[in-house]
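Provided below are the primary sequence and the corresponding predicted coordinates.
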Amino acid sequence: MKKTHAYSYWKIVWQQFKKNKIGCAALVIIAIFVICGIYAPILASSKPIFLVYDGEIYFPLFRHLFYRGFFTKRLDIFFNIMMFATPVMVVTMLSLRRGRKAAMVTILSAVIALFLYLSFATPKDPAKDAALSAARQHIIQEQLIVSDRDPLLEPFPIYEDWDFNLQHMNEYAKINMLIRYRLRKEQHHRLQKYYDGNNSDGFVIQTLWQVAKENDENQIKRLEAKLQGKEGVYVKAFMQMPFLAEEYQKKPTERKRKRLEKIRIIVGEYESTIAKISFIKDRRKWLECENAKILHLTMPLLKNFHWEDDAGGEQAINSIVKWWDLTRINRKDLVAGLIFGIRISLVVGLLAVAAQLSIGIPIGSMAGYYGGKTDILVNRMLEIWEAMPTFFMLLMVVAIVQSKSIFLVISVLGIFGWTGYSRFIRGEFLKQRSLPYVDACHAMGFGDRRIVFSHILPNAIPPILTIIPFSIMAAITSEAGLSFIGLGEEGSCSWGVLMDEGRSAFPGESYLLWPPALMLTTLLIAIALVGDAFRDALDPKMRK
């Protein structure tokens, strides 16, 4: 006898959805955007994923994932937690047959609790060691202690040298310096293939590595020029100082004091200048030598810049490099900004729609279930609320509160965008409440709350799901539009902010405008196609 397979409602919907090839392709594109958004640090960051330094294994990127000195936006902290929670959630969904919902609620609760703790706890810098910092400060303070002796008879302070700094650095501080030096040097050599040293306007194009190198060289030249012709004076003063100090100690006079002060100033300035030159040279020598100790360096997959890092860009460089190496008008890397901008679009779309659903569904359910005066009152309120355009309310609220927070945008989108859901759910409740199963619930003595949330709402939700993708589109578009006109969150990498930067630099740097616009358009089209395919999958008339 041939076995028959029983399918649940959502399995039937999924089978129908898979028949729409365009919808499936769009769903894959959205999945790629989501994965790129969650795992953005793996794709673009200035911290290595893995390396071996001096025989020890280090994971700098993972040590900095929850450090708010590096990921300054709390939004990034949340997504960094999701980097670890997402695989756990996927495994839970695939492996558990019973208790799946409870497990998912537990995981999400743990994610939210960890996010709140990491967001408001005192950040700890992996590159700083409290004990080493305290020891360094103690040594410096000891040199500042004033004794009972005459200051002219005290020995000169120990000038800070590079070895002293190294002794009070932990390994991650050293690694950060070495990686920054290596990445800037590699960027310099990579950009050399684009130019021969000058751009079309005759200005020398300098990378961050060149600027740092020239700054060190110029500083050494200034210090050496300060020493020029003073070596003989220094040697003479150095030889005289012990005898003058001894004479002054035996019989202090004003004349001897002034002469000793003059000699000490000459010796101190000369030795201080020599120490500064040695510090710069020793640091550069250390950077060159220690880089050879870094092995198996594994950087993020796409870009070696965090979206907040200075990439050393300028219009002169942007005009000759390929789009992959473009930088924004604030000198930050464009590709890294595009990747991290996915996070903002996802959060705006999902949280705004969640806020709209949490407001619209209860109000629409109440109006549709009770009807009568309640329904009339809710409808009049909806008519008034719908008369306030969401985008213009966004402009007004931002102007009034003088804040450009992304969460303010999400709140306004949720408060003024719920009316569509309320009307849909009201219509479904008006249809469902007259069906026999609702009469059976009343006959069994069920209360209104149980009937609404346990029986009618589950049957009224599926039609509502068809408009969720389009609401997500509207929320993302509203945030991007607000940012595009300059009212987005400052210091953000939102695609709207990136497009605004391209617009402000137009036409000189118009090539900064199309990458975020293209990514935004691709995501919106994919969401629209998935929404259309999902609507067809829910329609029984479309099933064969």
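Sure thing, it's come through.

ranges for the helices of the stretch 1-150 of the chain?
9-18, 21-38, 40-43, 60-64, 74-95, 100-120, 130-144 (DSSP state H, counting those that start in this stretch).

Please verify my assumption that residue 61 contacts residue 298.
No. Counting by Cβ atoms under 8 Å, residue 61 stays clear of residue 298, with 9.2 Å between them. To be clear about C-beta, it is placed using only N, CA and C from the backbone, and glycine gets the same treatment.

buried set for the helix or strand harbouring residue 408?
Remark: residue 408 resides in helix 406-416, with elements defined by DSSP states H and E. With burial defined by 16 or more other Cβ atoms under 10 Å, the residues of helix 406-416 counted as buried are 406, 409-410, 412-416.

Would you mind giving those residues as CSV with distance to residue 457 added?
Output for the buried residues of helix 406-416, formatted as CSV (distance: Cβ to Cβ, whole Å):
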residue, distance to residue 457
406, 31
409, 29
410, 25
412, 27
413, 23
414, 20
415, 22
416, 24
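
If we go by neighbour counts, what in the lowest-mean-pLDDT helix or strand in the chain is buried?
Lowest on mean pLDDT, DSSP states H and E among the helices and strands of the chain sits helix 315-318, with a mean of 74. Residues 316-318 are the ones in helix 315-318 that count as buried (16+ other Cβ under 10 Å).

for stretch 296-313, same thing?
In stretch 296-313, the ones that count as buried by 16+ other Cβ under 10 Å are 297, 299-300, 302-309, 311-313.

ok, so of those, who is nearest residue 372?
residue 307 (54.4 Å; Cβ to Cβ).

So that closest one, which state does it fall into?
coil (DSSP: H, G, I helix; E, B strand; the rest coil).

give me every residue that touches the residue most central in space within the chain.
With distances taken as Cα atoms, centre = their mean, the chain has residue 76 as the residue nearest its mean C-alpha position (4.5 Å). The contact partners of residue 76, by Cβ atoms under 8 Å, 6 or more residues apart in numbering, come to 40, 340, 343.

Which residue, neighbours along the chain excluded, lies closest to the second one?
Nearest residue to residue 340 in three dimensions, chain neighbours excluded: residue 307, at 4.4 Å (Cβ to Cβ, 6 or more residues apart in numbering).

I figured the one you found hits residue 46, correct?
No. Counting by Cβ under 8 Å, residue 307 stays clear of residue 46, with 9.9 Å between them.

quick one on the thing from earlier: please identify every residue contacting each of residue 61 and residue 298.
48-49.

domain parsing for the chain?
32-43+301-544, 130-153+162-299 (automatic domain parsing).

Present those as JSON lines; the columns should include distance to residue 106.
Output for those, formatted as JSON lines (distance: least, Cβ to Cβ, whole Å):
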{"stretch": "domain 32-43+301-544", "distance to residue 106": "20"}
{"stretch": "domain 130-153+162-299", "distance to residue 106": "33"}
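
which residues in the stretch 351-500 of the chain form helices?
Using DSSP H, counting those that start in this stretch, helices in the stretch 351-500 of the chain cover 372-386, 390-401, 406-416, 419-432, 436-443, 448-450, 457-465, 468-484, 495-504.

nearest to residue 233, of those?
helix 495-504 (55.0 Å).

helix or strand right after that closest one?
helix 514-538.

Pull out the buried positions in stretch 24-31.
Applying 16+ other Cβ under 10 Å to stretch 24-31 flags 26-27, 29-30 as buried.

repeat for stretch 502-521
Neighbour-count burial for stretch 502-521 [16+ other Cβ under 10 Å]: 502, 505, 509, 511-513, 515-517, 519-520.

Just checking, which of those comes out lowest on pLDDT?
Among the buried residues of stretch 502-521, residue 509 carries the lowest pLDDT, at 69.

which residues sit in contact with residue 225?
Residue 225 touches nothing, counting by Cβ under 8 Å, 6+ apart.

Validate this expectation: it resides in a helix.
Yes. The assignment for residue 225 by three-state DSSP puts it in a helix.

any idea how far it is from residue 424?
78 Å (Cβ to Cβ, to the nearest Å).

do residue 407 as well
26 Å.

coming back round to it: which among the helices of the stretch 351-500 of the chain is found nearest to residue 177?
Here helix 495-504 is closest among the helices of the stretch 351-500 of the chain (Cβ to Cβ), at 30.1 Å.

hmm, who's touching that closest one?
328-330, 334, 337-338, 341, 344-345, 479-486, 488-489, 509-517, 519-520.
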